[in-house]
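Participant: Return a 3D structure for these sequence lines:
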Amino acid sequence: MIRYTRHGGHRSDNECTMELMRYEDETCRCPVGYYGDGEQCCQHVIQDCTEGEMHDTLNGRQNVITFIKPLSYSGDPFEVVCSFTWGGATIIHKRRDIYDATDFNKKWIEYRDGFGTVHGNFWLGLEKMYQILQNSAVGFILHFHLLNESLSRCMWFVGKFDLEGESSNYTATFQRTYLSRDDWCDGMFPSLTQYSRPFSTFDHISYPDNFNCTGREESGWWFADDVDCSFSNLNSKRIDDEIVINTNNGTIKLSKVHMQLIRI
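Facilitator: This next block holds a predicted model:
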């Protein structure tokens, strides 16, 4: 029988670790996200942050850099930011105006594989997002958390978020959406709720780009093929060092935004 305890302040090989304590006075030290089964140490990795919340060491902690390995993912475990509260959220996108001005006008391969750093602004990667979504047959909830320049908070929830694989251009479907908290951002998301949207970048146009959306927005996103392109592009180009988002109620300036996945 084992119990999990946080190994406070310990760092090994520049990785934060948690400590796995065995009652037989044997000690294992694992990178956060790894765990044992009582017979061996650190041979398992959590599939996502929802699973991580089940471990006593992690439950209740927020903004923890953690290793995960989705169930069907064939690559090595990779780092994500987890919030082990309210079901365990895997953060897949983060952008803040106080961090470095990360360029979100990237090639398809970069949006597929991910870019940035979990210590600052980042895009986890479409393939990693897709693999995380395979962890649950029931599905995932997608949360958008936004903070504007006046530090007013807005949250938008997608009750069922689906993402197809690369062969289908990571087409996203947003179902059962609703707004929570402040309504200042209620003009942002109509373009995501109408139809399934393929993902596009400037070097990989996934639909008839009649309005040059990737060029005008200077980023990758699930664009609508209309004159407005999107009212919700959280990757849009910075204007005068500020994150400026177009909505159907005009433009808004954001100081912080992130997207996160939680198993249903």
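Participant: Ile68 contacts Phe78, correct?
Facilitator: Yes: contact criterion Cβ atoms under 8 Å: Ile68 and Phe78 qualify, at 6.8 Å. The way it works is simple: take the backbone N, C-alpha and C, and place the C-beta from them, glycine included.
Participant: So for the two, which sits in the more crowded spot?
Facilitator: Ile68 (25 against 19; other Cβ atoms under 10 Å).
Participant: Where does the prediction get shaky in the protein?
Facilitator: 1-27, 38, 56-58, 98-100, 181, 187, 190-191, 193-195 (pLDDT under 70).
Participant: Next, the buried residues of the longest strand along it.
Facilitator: For the chain, the longest strand by residue count, based on DSSP state E, is strand 250-263. Neighbour-count burial for strand 250-263 flags Ile252, Leu254, Ser255, Lys256, Val257, His258, Met259, Gln260, Leu261, Ile262, Arg263 (criterion: 16 or more other Cβ atoms under 10 Å).
Participant: Can I get those in JSON lines including distance to Asn121?
Facilitator: Putting the buried residues of strand 250-263 into JSON lines (distance: Cβ to Cβ, whole Å) gives the following:
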{"residue": "Ile252", "distance to Asn121": "18"}
{"residue": "Leu254", "distance to Asn121": "12"}
{"residue": "Ser255", "distance to Asn121": "13"}
{"residue": "Lys256", "distance to Asn121": "10"}
{"residue": "Val257", "distance to Asn121": "10"}
{"residue": "His258", "distance to Asn121": "10"}
{"residue": "Met259", "distance to Asn121": "12"}
{"residue": "Gln260", "distance to Asn121": "15"}
{"residue": "Leu261", "distance to Asn121": "18"}
{"residue": "Ile262", "distance to Asn121": "22"}
{"residue": "Arg263", "distance to Asn121": "25"}
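Participant: Between all of these, which two are separated the most?
Facilitator: The span of the buried residues of strand 250-263, defined through Cβ to Cβ, is set by Ile252 and Arg263 at 30.2 Å.
Participant: ok, His44 touching Pro31?
Facilitator: No: the pair His44 / Pro31 is not scored as a contact, 11.9 Å apart, by Cβ under 8 Å.
Participant: more neighbours, these two?
Facilitator: With neighbours defined as other Cβ under 10 Å, His44 and Pro31 compare such that Pro31 has more, 18 against 15.
Participant: Which helix or which strand is home to the more buried one?
Facilitator: strand 27-31 (DSSP states H and E).
Participant: residues of stretch 132-139 that come out buried?
Facilitator: Those buried within stretch 132-139 under the rule 16+ other Cβ under 10 Å are Ile132, Leu133, Asn135, Ser136.
Participant: and the residue nearest the centre of the chain, what are its phi and psi?
Facilitator: In the chain, the residue lying closest to the centroid (Cα atoms, centre = their mean) is Ile92, at 1.1 Å. Main-chain dihedrals, Ile92, degrees, to the nearest 10: phi -110, psi -10.
Participant: Ok, the one 10 residues further on next?
Facilitator: Torsion angles at Thr102 (phi, psi; degrees, to the nearest 10) stand at phi -60, psi 130.
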